[in-house]
Every structure is written in C-alpha cells, then in structure tokens.
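Visitor: Can you look at this prediction? I've put the sequence above it.
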Amino acid sequence: MIAAIAILAALSLPDRIVRIDGELKAGQFEPAQRELAALDNTITEHFGSGSQAMYTIALIASFRALAAAGAKDLNDAEWYWSIARSLFPKFAGSNLAVYGAAGEAVMRLDRSDACQTRDLPSGSRVTPPKPSHSPMPPYPYHALETGIAEPITVEVTVTENGTTRCPKVIETHDDPALAWVLLEAMKKWRYEPARVDGAPVPATVRQTVDFRIKYY
C-alpha cells in the first residue's frame, strides 16, 4: 500500500492524499479525520468509474480505518478497512507498522476472523434480519452528470444488536462511488436481528440497490 501512495503522488489528485498520509504517520488523527470527511464530497461529486477510481476510493477507506484506529474507534476502523480490502484486495496483509499503534490495530483487525459468521445449525427455526431503519443514499453528482445508473450489490453483517459491520462490495459495475455512498448509508441502517429458535444471532445480508429504477 505504501508504494501505491507514491504512485498516486505522481498523479493529479494526491496533494491531499499525501498530506493525510503524513498526518497519519505523525499521529495527527483529528486533522486527518477532518480532511478525510471533506473527501467524501470529492468522492460523490467528482470520482468516475474505472480501476483508478476503485483504487483511490479504497485508499481513502484505508486512511479512514487508520484515522479511526488512532482515535480508538475500532468499530469504524473495522468498517472502513473492510471496504478498503473489498475494493482493492491487495491491501489485505499490508504492513502498516509505519503508522504506529494505529497501523498495528488495523493489522490486528486484518488478522482476525471477526467478520466470519457461523453456519446456522440444521433443523433450527431461523428468522432472517429485517430492516427497521434504512434511509437511501443520495445519488452521486458525477453519476447524475454522466448518466451512469447501475444496480449495485453489497453485503454486510447484521449483529445481534441490529447494527451493521463488515461491509463487502459484491458488484460495482466499475463505479465504486455508487458502492461508497450505498455503504455510507448502510453504516447507519438498523435491523431487527436474525434469530435462531428465538435467540438473536449475527447474519449476513446482501443488498442490491438499482439506481436505474430509483432515479430514472
């Protein structure tokens, strides 16, 4: 991942990326988080499709994970690191030691099996998760401008408490900004959890949003 940042430094976007990278290495997590939050608008308004957009959004997600880990918010760190690895699988197993304790925390998440769900026992009475609060995301400006509209499929784990974690991008149609805004919305979704014989259990949910139907 570190070498890839150097590649971005030769392109047009990277002044902010390089600055955030330096802040994270220096342990300056609050200014890094502010800049990363501002980049959300850049993602939704200007990022197009293709492999470069996919990589750049994955890199921003990895920085969000490092900033959250530095702020001791491991839930957010797990969320954004899951997105980063999903969009750019080569990030998995990265050596993040240069980012100090935050990097070590993300590497521990990387090595854990926290996002693995157990198979439900056969013969059990299973009730699947049901959304109780599921606001739809805004449509990215770049997609409105270019007329891009595709069904996007993602996957999340619904916890016993009905919150979402461990996001995974299943199908982006090469437009990662659509997946990003969908997952940013789903981060706040709440569910009635899955139940096995009446007891709440974690379960995986796959969600497809067809932006063509919603906006055209």
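Guide: Great, that's in hand.
Visitor: ok so Cys166 is a strand residue?
Guide: Yes - counting by DSSP: H, G, I helix; E, B strand; the rest coil, Cys166 falls inside a strand.
Visitor: How about the contacts made by the closest residue to it other than its chain neighbours?
Guide: The shortest distance from Cys166 to any non-neighbouring residue, by CB to CB, 6 or more residues apart in numbering, is to Cys115 (3.6 Å). Any C-beta I mention is one placed from the backbone N, CA and C, and that applies to glycine too. Taking CB atoms under 8 Å, 6 or more residues apart in numbering as the criterion, Cys115 is in contact with 78, 82, 157, 165-166.
Visitor: Return the alpha-carbon coordinates of stretch 102-116 using CSV.
Guide: Taking Å, rounded to 0.1, in the frame of the first residue of the first chain, the C-alpha atoms of stretch 102-116 are listed here in CSV:
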residue,chain,number,x,y,z
ALA,A,102,-3.0,2.8,14.6
GLY,A,103,-1.4,0.7,12.0
GLU,A,104,-0.8,-2.2,14.4
ALA,A,105,-4.5,-2.0,15.4
VAL,A,106,-5.6,-2.3,11.8
MET,A,107,-3.3,-5.2,11.2
ARG,A,108,-4.8,-7.0,14.1
LEU,A,109,-8.2,-6.4,12.6
ASP,A,110,-6.8,-7.8,9.3
ARG,A,111,-5.7,-11.0,11.0
SER,A,112,-8.9,-11.5,13.0
ASP,A,113,-11.8,-13.6,11.9
ALA,A,114,-14.4,-11.2,13.4
CYS,A,115,-16.3,-10.9,10.1
GLN,A,116,-16.8,-14.6,9.8
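Visitor: Kindly provide the whole-number mean pLDDT of that stretch.
Guide: Mean pLDDT, stretch 102-116: 88.
Visitor: Now do the buried residues in that stretch.
Guide: Using 16 or more other CB atoms under 10 Å as the test for burial, stretch 102-116 gives 102-103, 105-107, 109-110, 115.
Visitor: Reformat the residues you listed as a markdown table; add distance to Ala58 and secondary structure.
Guide: Listed next are the buried residues of stretch 102-116 as a markdown table, based on distance: CB to CB, whole Å; DSSP: H, G, I helix; E, B strand; the rest coil:
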| residue | distance to Ala58 | secondary structure |
| --- | --- | --- |
| Ala102 | 18 | helix |
| Gly103 | 16 | helix |
| Ala105 | 19 | helix |
| Val106 | 14 | helix |
| Met107 | 17 | helix |
| Leu109 | 16 | helix |
| Asp110 | 14 | helix |
| Cys115 | 17 | coil |
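Visitor: hmm, back to that, who wins on neighbours among the contacts of Cys115?
Guide: Neighbour counts for the contacts of Cys115 (other CB atoms under 10 Å) peak at Ser82, which has 25 neighbours.
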